[in-house]
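> Just a sequence and a predicted model for now, questions to come.
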Amino acid sequence: MNNLEILKAGIEGFNLEASDEKLEKLKKYREILVEWNKVMNLTGIEEEREVFIKHFLDSISAVTNGYINDNISLIDVGTGAGFPGMPLKICLENMRLTLLDSLNKRINFLQEVANELNLEGVEFIHGRAEDFGKNEEYREMFDVATARAVAGLPVLMEFCVPFVKVGGYFICLKGPNANLELEESKSAMEVLGIEFVEKIDIKLPDLELNHNILVFKKIKNTPSKYPRKAGKPSKNPIK
């Protein structure tokens, strides 16, 4: 199978339509990524097949079991080069997407991607989760918050959960240490108002490493003191 066929089969394996237009957009996304990567550090992997599998299919796998679909609002916290938010948006055109990152250069890159691919319904925020999680316009306003392994789980929870409305979900893409991190997150779950729903094992083509998706449901409002000021969550996670 060539790279595009692997991408197409992977997307269809998650029960999504993989039209030529969507495949073309993902292909172009990778080209823009490689181009910008020459002047700023967006990713350690550039080779087409690897980007398709390790970035795109890994991101799109978050649709498994239906928590993320076409009718929701989603915030991708600490999105970096746009993962998982941007590949999800390409596949789910009607999803309302907000991308948050603390580095303005990354936000500029993501705006360029959205313009080049004619993506509508995407909002870009340059800032920190610790600040915007307190902002009334964003706090508890989203159906889903996602993050892709940017920090330990208790820290990620404090960054992401304040954005989620009660009844919504925090969905986190994690590597092989998910069970251990879950154990360490019990206090954070209780404090922030979420409960663990399930761990989904994801198999990606060509990869030995299994990835996990952790799903949490928000059952009550997050106390107003969270998220704490910048630097606090990382230095002193809720334990």
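Now that the structure is in, tell me what you want to look at. Residues are numbered from 1 along each chain as shown.

> Run a quick check on residue 63 versus residue 16, I expect a contact.
Yes - using C-beta atoms under 8 Å, residue 63 is in contact with residue 16, at 6.4 Å. (C-beta placed from N, C-alpha, C; glycine too.)

> Which one's more surrounded, these two?
residue 63 (22 against 17; other C-beta atoms under 10 Å).

> list residues touching both of residue 63 and residue 16?
91-92 (C-beta atoms under 8 Å, 6 or more residues apart in numbering).

> what are the ranges of the helices in the protein?
Taking DSSP state H, the helices of the chain run over residues 3-13, 20-37, 48-50, 58-60, 85-91, 104-116, 129-132, 153-160, 178-184, 186-192, 232-235.

> need the contact list for residue 34.
residue 46.

> how close does it get to residue 216?
Here residue 34 is placed at a distance of 34 Å from residue 216 (C-beta to C-beta, to the nearest Å).

> what do you get for residue 228?
Distance check for residue 228 against residue 216: by C-beta to C-beta, it reads 19 Å.

> With neighbour numbers in mind, choose between the two.
In terms of neighbours (other C-beta under 10 Å), residue 216 is the more surrounded of residue 228 and residue 216; the figures are 27 against 15.

> How far off centre is the worst-scoring helix or strand of the chain on mean pLDDT?
Across the helices and strands of the chain, mean confidence by mean pLDDT, DSSP states H and E is lowest for helix 178-184: a mean of 91. Relative to its chain's centre, helix 178-184 lies at 19 Å (C-alpha atoms, centre = their mean, to the nearest Å).

> Can I get it in CSV, CA atoms only?
Once non-C-alpha atoms are left out, helix 178-184 reads as follows in CSV (Å, rounded to 0.1, in the frame of the first residue of the first chain):
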residue,chain,number,x,y,z
ALA,A,178,-1.8,5.3,30.9
ASN,A,179,-2.7,3.0,33.8
LEU,A,180,0.0,4.3,36.0
GLU,A,181,-1.0,7.9,35.2
LEU,A,182,-4.6,7.1,36.0
GLU,A,183,-3.6,5.9,39.5
GLU,A,184,-1.8,9.2,40.0
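
> Just the buried positions in it, please.
178, 181-182 (16 or more other C-beta atoms under 10 Å).

> Now distance to residue 222 too, for the residues you listed, in JSON lines please.
Shown next, in JSON lines, are those (distance: C-beta to C-beta, whole Å):
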{"residue": "178", "distance to residue 222": "22"}
{"residue": "181", "distance to residue 222": "20"}
{"residue": "182", "distance to residue 222": "19"}
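
> so residue 80 touches residue 40, yeah?
No - applying C-beta under 8 Å, one finds residue 80 not in contact with residue 40, separated by 11.1 Å.

> Comparing these two, which shows the higher neighbour count?
Using other C-beta under 10 Å as the criterion, residue 80 and residue 40 rank with residue 80 on top: 22 against 12.

> For that one, give its distance to residue 58.
The spacing between residue 80 and residue 58, counted by C-beta to C-beta, is 13 Å.
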